[in-house]
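Undergrad: Whatever this is, show me its structure:
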Amino acid sequence: MTSHLPIVGYQVNEMLVRLPGHVLRDDLVSAGMAALAAAATGFDASTGVPFARYATLRIRGALLDELRGMDWAPRGARAKARAMEGVEERLTTELGRKPSRDELAAAMGVAPEEVDAVKGDVQRAVVSIDAYDGTLADVLPQTGPGPEEALLQNEQIRYLKAAVNALPERLRVVVAGLYLEDRSVADMAAELGVTESRISQLRTEALGLMRDGMNASLEPSLVSSVERPGGVVDRRRQAYFAAVAAHASTGPTASAVVAADALLPSAAPVALTTTAGAGSLPAQRQTGWAHLA
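TA: Numbering: from 1, shown residues only. Presented below is the predicted three-dimensional model:
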C-alpha cells in the first residue's frame, strides 16, 4: 500500500480538474485510500495482472461511486434544471445572446426567484449524472490500457527481463550499466578497459540479441535471419533464445545463465557490477526497463 499511495493522488487529481470547485478533495482521497486497502487485501497475483493496474481500477471505481453518492438532488430538481437549460438554449438562439434572469423566468412562466432556486439546486448537486448525455464513466474516460493490453505488456516485460538475464556476462554488464544504473559510455569503457566505441558496439550487439531473443517467443516472424543457418552463430543464437524462454517461463536459473555464457563467450571475463537474477535488482533500477523497451 505504501509504495502505491501515489495512485490515489493521481486518480483524485485527474478527476478534480473536471469537477466543480466545491468538491472536497479529502472526501475523494478517503474513498481512494479505502479502495487501495481493499485492493491490497483482494489482490491475486496468479491472475498475471500487475497490482498497480488492479489497484487503479478499484480506486477509480470507488471514486466514481463516491461522486454518484454526492449527487443528492431529487428527480424533480434535475427535471427542472433540464427544462430550464432547454428554454435557455432556445432563447439564446432567438435573441442572439444569453437571456437575462428575468427573460428566462418569463419564458418559463415562473418567478425570477424560482430560477435562482433551480440553479442553486444544480450547483449543490456536486455531480448530476443526468446532466450529461452519458454516465460518469463517459465524462471521466478510461485512458489507461485495458485488461488484455495490460496482460500483454506484463508478458513483454517478463520476456525483456529474461532477455537481459540470459545475456552473456560481458553484454549483460554493459546493458545493466547503461540502462539500469544510468552510467555513461565513458564510465563503462573505463571499467571494462575498452574504448567508448567498443562499448557502443557491445550495446548494439546486446540490444539486437535481446530483440531477437524476445521475438523468438513472442513474434517469431520478426527474428533476424543469419547468413549460415545451422552454423556456429546460429546455434549460439538458438541456445540464447532457449535460455530467454526458460527464464521467462520458470524464472532465471543458474544453469540457464551458465549455458548461455558458455555458448556465447565474451571476449574477456569481467566482474559483474549487477546480479543476474531479475528479482534481485534493486527497486530503483526497475524504471530502467522502460528505456530498453
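
Undergrad: Val223: neighbour count?
TA: Val223 has 17 neighbouring residues, counting by other Cβ atoms under 10 Å. To be clear about C-beta, it is placed using only N, CA and C from the backbone, and glycine gets the same treatment.

Undergrad: now Ala163
TA: Neighbour number of Ala163 under other Cβ under 10 Å is 28.

Undergrad: hang on, it packs against Gly213?
TA: Yes. Assessed by Cβ atoms under 8 Å, Ala163 is found in contact with Gly213 at 4.6 Å.

Undergrad: got any residues that touch both of the two?
TA: Common contacts of Ala163 and Gly213 (Cβ atoms under 8 Å, 6 or more residues apart in numbering): Val244.

Undergrad: what ranges of the stretch 51-200 of the chain fall below the confidence cut-off?
TA: For the stretch 51-200 of the chain, the stretches with pLDDT under 70 are 68-78, 120-150.

Undergrad: Now do the helices for it: every range, in order, please.
TA: Counting by DSSP state H, counting those that start in this stretch, the stretch 51-200 of the chain has helices at residues 51-70, 75-95, 101-108, 112-124, 136-139, 147-165, 169-175, 185-192, 196-218.

Undergrad: Which strands or helices does the third one pack on?
TA: It refers to helix 101-108. Contacts defined by 3 or more Cβ pairs under 8 Å, 6 or more residues apart in numbering; DSSP states H and E place helix 101-108 against helix 75-95, helix 112-124.

Undergrad: List the contacts of Val175.
TA: Val175 makes contact with 164, 167, 203, 206-207, 210, 292, according to Cβ under 8 Å, 6+ apart.

Undergrad: Return the member of those residues nearest to Arg90.
TA: Nearest to Arg90, judged by Cβ to Cβ, of the contacts of Val175 is Leu292 at 59.3 Å.

Undergrad: What pLDDT is listed against the closest one?
TA: pLDDT for Leu292: 47.

Undergrad: Can you list the buried residues in the host helix or strand of Leu5?
TA: Under the criterion of DSSP states H and E, Leu5 resides in helix 5-16. Neighbour counts over helix 5-16 (16 or more other Cβ atoms under 10 Å) mark 7-8, 11-12, 15 as buried.

Undergrad: Please name the residues that touch the closest residue in space to Ala52 that isn't next to it in sequence.
TA: Sequence neighbours aside, His4 is the residue nearest to Ala52 in space, at 6.1 Å (criterion: Cβ to Cβ, 6 or more residues apart in numbering). Applying Cβ under 8 Å, 6+ apart to His4 gives the contacts 36, 51-52, 55.
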